[in-house]
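1. after the sequence you'll find the predicted model.
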Amino acid sequence: MFVDAPTVAQILTGKRASVVTIRPDESIADAARLLSNQVIGILVVVENLDRVAGVISERDIVRAVARLD
């Protein structure tokens with residue numbers, strides 16, 4: 001354990017209160033655009049507005065694009 005480590009609540013202070021989501025059938029370009037427009041680094045992927053399918057991050061997108069060669 002870290003002696004003076006902050007709590008999750010302390011880290012969340014000052015971050016946006018809403019969660020930005022995307023559907024699994026949207027394109028990587030759509031995800032990248034949404035991340036850029038919202039100035040965030042991760043999206044929650046949801047199906048049917050009530051089931052979390054996972055998350056996609058900037059790093060995931062960079063790696064996917066790098067494999068296109």
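-> In hand now; what should we look at? Residues are numbered from 1 along each chain as shown.

2. quick one: mean pLDDT over the helix or strand where residue 44 lies.
-> Assigned by DSSP states H and E, residue 44 falls within strand 42-47. Averaged across strand 42-47, pLDDT comes to 96.

3. and if you look at stretch 28-36?
-> Here the average pLDDT along stretch 28-36 is 96.

4. buried residues in that stretch?
-> With burial defined by 16 or more other Cβ atoms under 10 Å, the residues of stretch 28-36 counted as buried are 31, 32, 34, 35. All C-beta spots, glycine's among them, are computed from the backbone N, C-alpha and C.

5. and the second one, what does it touch?
-> Read that as residue 32. By Cβ atoms under 8 Å, 6 or more residues apart in numbering, the contact list for residue 32 reads 58, 61.

6. and with 7 Å instead?
-> Residue 32 makes contact with residue 61, according to Cβ atoms under 7 Å, 6 or more residues apart in numbering.

7. ok, now the third one?
-> Remark: with contacts taken as Cβ under 7 Å, 6+ apart, residue 34 is in contact with 20, 22, 43.

8. the longest helix along the chain vs strand 42-47, what angle?
-> As assigned by DSSP state H, the longest helix anywhere in the chain is helix 28-38. Relative orientation of helix 28-38 and strand 42-47, computed by axes from the mean of the first three to the mean of the last three Cα atoms, to 10 degrees: 130 degrees.

9. how far is helix 28-38 from where the chain is centred?
-> 10 Å (Cα atoms, centre = their mean, to the nearest Å).

10. and it, C-alpha only, in PDB?
-> Below are the C-alpha coordinates for helix 28-38, written out as PDB (Å, rounded to 0.1, in the frame of the first residue of the first chain):
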ATOM      1  CA  ILE A  28     -12.800   3.800 -34.900                       C
ATOM      2  CA  ALA A  29     -12.900   7.200 -36.600                       C
ATOM      3  CA  ASP A  30     -16.100   8.100 -34.800                       C
ATOM      4  CA  ALA A  31     -14.500   7.000 -31.500                       C
ATOM      5  CA  ALA A  32     -11.400   9.100 -32.100                       C
ATOM      6  CA  ARG A  33     -13.500  12.100 -33.100                       C
ATOM      7  CA  LEU A  34     -15.600  11.800 -29.900                       C
ATOM      8  CA  LEU A  35     -12.500  11.500 -27.700                       C
ATOM      9  CA  SER A  36     -11.000  14.600 -29.300                       C
ATOM     10  CA  ASN A  37     -14.200  16.700 -29.200                       C
ATOM     11  CA  GLN A  38     -14.800  15.800 -25.600                       C
END
